[in-house]
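[1] this one's sequence-less:
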């Protein structure tokens with residue numbers, strides 16, 4: 001079961017290789033919906049890409065807040081871990097800015 005703030009490997013529709021992504025959707029949604037809303041992670045820093053430090057990630061990683069999207073839970077592979085509250089708050093701030101909220 002996926003939870004908000006967890007990092008999972010996912011297989012995006014447009015990418016053949018599993019990639020890490022951060023679960024953004026709230027647990028009430030995650031418990032009942034067939035999909036989850038994710039922020040993909042990248043190793044390339046840039047605008048609207050807050051750092052996502054985690055000991056299980058092999059390289060420095062950043063949340064691609066401009067690329068949020070929903071993906072079927074069936075495309076979620078392995079749970080990597082969970083980010084701390086400060087990291088999640090930074091990602092949330094960036095997503096709100098991009099959405100004008």
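    Yep, that arrived. Bear in mind that the values here come from a model prediction, so they are computed numbers and not experimental data.
[2] which residues are contacting the helix ranked longest in the chain?
    Using DSSP state H, we find that the single longest helix of the chain is helix 85-99. For helix 85-99, contacts defined as Cβ atoms under 8 Å, 6 or more residues apart in numbering pick out 4-5, 22, 24, 39, 48-53, 63, 65-66, 68, 83. Backbone N, C-alpha and C define where each C-beta goes, glycine included.
[3] same question, stretch 12-26
    Against stretch 12-26 from outside (Cβ under 8 Å, 6+ apart): 2-11, 30, 33, 36-41, 52, 57, 61, 63, 68, 70-71, 75, 77-78, 80, 83, 88, 91-92, 95.
[4] just the buried residues out of those residues, in ChimeraX syntax.
    Buried subset of those, written as a ChimeraX selection, criterion 16 or more other Cβ atoms under 10 Å:
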select :2,4,5,6,7,8,9,10,30,36,37,38,39,40,41,52,57,61,63,68,71,75,80,83,88,91,92,95
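[5] for the residue most central in space within the chain, give its distance to residue 58.
    By Cα atoms, centre = their mean, the chain has its centre lying nearest to residue 22, at 1.8 Å. Going from residue 22 to residue 58 by Cβ to Cβ, to the nearest Å gives 16 Å.
[6] wait, residue 55 sits on residue 80?
    No. Using Cβ atoms under 8 Å, residue 55 is not in contact with residue 80, being 9.8 Å away.
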